[in-house]
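Student: sequence first, then the predicted structure, then my questions.
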Amino acid sequence: MHNNPQRRFLLTMNQRAPSLPITAPPRAAVTPQSHHLGLIQHTHSTRHVLTKTVGLGLAWLCVAGALGAAPEGELNLIPWPKSVAGTAGAMPVGDKGRIVFAEPALEALAKVVSDEICRTCGVRLATASGMPEAGDIGLQLDPQLKGEAYRLEVTDRAVVSGASYQAVALGTTTLGQALQLKGAAVSLPHLAVSDAPDYHMRAIQMCIKHQPHQMSTIKQGVDLCRQYKLNTLALHASNYQILWLLCPAFRDNPLSKDSVPGWGNGGATYSPEEWNDLVEYGRQRGVAILPEWGPEDFIYFMKGWFYKARQFVPDFDETKQSLLDSPKFWQAID
């Protein structure tokens, strides 16, 4: 890979912690890689690595969904939290239990967790507002916590507390990873977990410019981020896709995808409604959607769309002014 800092992209690579009994010292046995950001260069060769990484991750999710929760006695938390304390005993998880949200803002997350537990363990928990009782899973905001810090406490009930929606979402991922199977019985070991990420942005990148994806596949990328407690899915898009998203005038009268050298096919285009649905899908799972494109695309933007936008400025005289100086041009862009 070329050592060009302008083409680097931040990427968090989370390593699976080894299977450990819940009484194992959380930091003595493993080095938590998940809270550290690495740099990976965004080159054509790297793009293939990223594509394979996402593909392998999605395949892992399929395997995890098929296998369900961890076998009894194992605790596989990805990443390993900063503080984990276990005691004897477990809380049964059955269809008589509920997922209870203390604040209305957490209702969407409660439904997400219910779907995930049903998919991995075959147990459907109803959702309800209020405070958890024995056998319930409770979700609540705690103003004493800060940032994305969360706590998970499992006794005769499981309670996930977080400073924000995103923090509670991280805690529910830990809860899902802690689920135990013994035959057909599902349980949560008695635990006290306290955790917070070290870095504000934790991301993987999916290329939608060179690799066409259905929106359902992009949503799988969101699911992958959630499983590894990443809070951002970066979508490497083409100039054409960004303009299609941001500029109604371009959608109404676009350039041909083959009219500007270097655009290639421009990638698949998605409607504003599809983008809004994706953003909401990510929000419910604590994952932000970040469209991004490279500086070389801006050159084609200058060559292509600037020329196209001149139709909205019929009195433009390139010998006397810059197109960027014309209010009519920016009205067209808006």
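Tutor: Thanks, I have the structure now.

Student: end to end, how far does stretch 123-134 reach?
Tutor: By C-alpha to C-alpha, to the nearest Å, the extent of stretch 123-134 from end to end equals 17 Å.

Student: repeat for stretch 131-143
Tutor: Using C-alpha to C-alpha, the two ends of stretch 131-143 sit 17 Å apart.

Student: which residues sit against it?
Tutor: 91-94, 96-103, 105-106, 109-110, 113, 125, 151, 156-165, 168, 172, 175 (C-beta atoms under 8 Å, 6 or more residues apart in numbering). All C-beta spots, glycine's among them, are computed from the backbone N, C-alpha and C.

Student: that one - what's its average pLDDT?
Tutor: The average pLDDT within stretch 131-143 is 97.

Student: circling back to that earlier point, just the buried ones from the contacts of stretch 131-143?
Tutor: Those of those that meet the buried threshold are 91, 93, 97-102, 106, 109-110, 113, 125, 151, 157-165, 168, 172, 175, by 16 or more other C-beta atoms under 10 Å.

Student: the residues you listed in helices, which ones?
Tutor: 109-110, 113, 165, 168, 172, 175 (DSSP state H).

Student: now compare those residues and name the two farthest from each other.
Tutor: Taking C-beta to C-beta, the two most distant members of these are Tyr165 and Leu175; they sit 15.2 Å apart.

Student: tell me where the model's unsure across the stretch 101-250 of the chain.
Tutor: Within the stretch 101-250 of the chain, the ranges that satisfy pLDDT under 70 run 249-250.

Student: show me where it has helices.
Tutor: 107-121, 165-178, 215-227, 239-246, 248-252 (DSSP state H, counting those that start in this stretch).

Student: redo those as a markdown table? Include distance to Asp136.
Tutor: Formatted as a markdown table, the helices of the stretch 101-250 of the chain follow (distance: least, C-beta to C-beta, whole Å):
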| stretch | distance to Asp136 |
| --- | --- |
| helix 107-121 | 11 |
| helix 165-178 | 12 |
| helix 215-227 | 22 |
| helix 239-246 | 41 |
| helix 248-252 | 47 |
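
Student: winner for burial among these?
Tutor: Greatest average neighbour count among the helices of the stretch 101-250 of the chain goes to helix 165-178 (a mean of 24), per mean count of other C-beta atoms under 10 Å.

Student: what's the angle from that one to helix 215-227?
Tutor: On the basis of axes from the mean of the first three to the mean of the last three C-alpha atoms, to 10 degrees, helix 165-178 is oriented at 80 degrees to helix 215-227.

Student: from the contact counts, what lies against helix 165-178?
Tutor: Counting contacts by 3 or more C-beta pairs under 8 Å, 6 or more residues apart in numbering; DSSP states H and E, helix 165-178 is packed against helix 107-121, strand 137-141, strand 150-154, strand 158-162, strand 185-195, helix 215-227.

Student: identify the residue nearest Tyr165 in space, chain neighbours excluded?
Tutor: Of all residues not flanking Tyr165 in the chain, Ala105 sits nearest, at 6.1 Å (C-beta to C-beta, 6 or more residues apart in numbering).

Student: before we move on, what about Gln205?
Tutor: Among residues not flanking Gln205 along the chain, Ala234 sits closest, at 4.3 Å (C-beta to C-beta, 6+ apart).

Student: how much space between the one you found and Arg226?
Tutor: Going from Ala234 to Arg226 by C-beta to C-beta, to the nearest Å gives 15 Å.

Student: do Val193 as well
Tutor: Taken as C-beta to C-beta, the span from Val193 to Arg226 is 17 Å.

Student: and Gln205, by the same measure?
Tutor: Applying C-beta to C-beta, the value for Gln205 to Arg226 is 16 Å.

Student: again with Asn276
Tutor: Distance from Asn276 to Arg226, by C-beta to C-beta: 19 Å.

Student: before we move on, what about Met206?
Tutor: 14 Å.

Student: touching, Gly277 and Met215? I think so.
Tutor: You called it Gly, but residue 277 is Asp. Yes - between Asp277 and Met215 a contact is recorded at 7.5 Å, counting by C-beta atoms under 8 Å.
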